[in-house]
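*Asks:* below is the sequence, then the predicted model.
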Amino acid sequence: MIIEVTRGALVESRHRVHVSVVDGAGRTVSALGDVDRAVFPRSAVKVLQALPLIETGAADASGFSDQDLAMACASHSGEDAHVMAAREMLAKGGVDPAQLECGCHWPFDLPVALELARSGGTPTALHNNCSGKHAGFLCTAVHMGEETAGYVMASHPVQRRARAAIAETTGAPLSDDACGTDGCSIPTYAAPLSGFALAFARIVAGQGIDAGRAKAGQRLIRACIAHPFEMSGTGRKCKALIEAGQGRVFVKTGAEGVFCGAVPELGLGIAIKAEDGTTRAAESAVAAVLAGLLRKVDRDLAETFDGQARTTLRNWEKQSVGEVRPDRPWNF
């Protein structure tokens, strides 16, 4: 898939995007580009990493709400509500915020970071976009009676469980040679793009994996669909796409131009990777994929996603100077 960036009447730049769409039985619905190349999914697979939170009983033992489950799958904006939610998750599990090992950074969204600075605040680990996921990791460790220190290490039971969940759902052996360290210090494993699409297809279709695991994944996806703000934040593309889907689609972004998701009613999983790692290309492409998948079943909703796939570019005077768009409408 080609995502164009225009200026005036001309195409100024082009992004190449690899796209995999798979059904629950593992059949390929669409394969654009090299879907067998191993990619790091980064935060796009937080639902898969959170499966043990449900499966161990830690979520229910901690009294987690659906908002908490969405936070456990979040790459959030570090807004006040996110910081409070992460703190409350830790409190429910009997964990101190000082035990977080995700590191701290200023909120990625500039308006949120500026407001924090204006108020005289400084970022903490709770502001980390992955603090909800790490709260889930810590609460699971406590529930299982495990040492919390070093929970981010590949050798810790928390990370071993996450690795096993990803390996089973994707059907891909996760090699130590294809392991990197994510921005929040946990291991991230590269696997074929088609494997990540298969994982989400298996979950929503309830095929090819343990029924309890599929049920856990469906619970997490429903929580994210119901609470997209907790999963992302104000003005974020994940939130806009999920809300536009009116309860019928799930998508989750990851760093370096990755998106994973699903259309539950069709039993399909989606995984995309912008070859150059750009967010603008990935956001346009995933909206175009959703439009193409839904065109035959709901033309109005498909047109909504066609609109989401196009972003107007403006200069410093707020004048329209071009747009980011797919090179053509896609149908699958």
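*Replies:* That came in fine, so what should we check first? Predicted, not measured: the structure shown is a model, and the values here were computed from it. Numbering: from 1, shown residues only.
*Asks:* Glu4 looks like it's in a helix, true?
*Replies:* No: in this structure, Glu4 is strand, not part of a helix, as judged by DSSP: H, G, I helix; E, B strand; the rest coil.
*Asks:* so what pLDDT did the residue nearest to Gly78 when sequence neighbours are not counted get?
*Replies:* Excluding its sequence neighbours, the residue lying closest to Gly78 (C-beta to C-beta, 6 or more residues apart in numbering) is Pro107, at 3.2 Å. (C-beta placed from N, C-alpha, C; glycine too.) Looking at Pro107, its pLDDT stands at 92.
*Asks:* how far away is Pro107 from Ser43?
*Replies:* Going from Pro107 to Ser43 by C-beta to C-beta, to the nearest Å gives 15 Å.
*Asks:* again with Lys252
*Replies:* 7 Å.
*Asks:* over to Ile186?
*Replies:* Distance of Ile186 to Ser43, computed by C-beta to C-beta: 10 Å.
*Asks:* so Thr140: helix, strand or coil?
*Replies:* Going by three-state DSSP: Thr140 is helix.
*Asks:* show me what contacts the closest residue to it other than its chain neighbours?
*Replies:* Distances taken as C-beta to C-beta, 6+ apart place Ala58 nearest to Thr140, at 4.2 Å, with adjacent residues excluded. Ala58 makes contact with 52, 93, 136, 139-140, 142-144, according to C-beta atoms under 8 Å, 6 or more residues apart in numbering.
*Asks:* repeat the analysis, applying 10 Å as the threshold.
*Replies:* 52, 64, 93, 136-144 (C-beta atoms under 10 Å, 6 or more residues apart in numbering).
*Asks:* burial of Asp210, as a residue count?
*Replies:* When counting by other C-beta atoms under 10 Å, one arrives at 13 neighbours for Asp210.
*Asks:* got it, and Ala178?
*Replies:* Around Ala178 there are 15 residues (other C-beta under 10 Å).
*Asks:* list the buried residues for stretch 38-54?
*Replies:* 39-54 (16 or more other C-beta atoms under 10 Å).
*Asks:* if anything else comes up later, I'll come back, but that's it for now.
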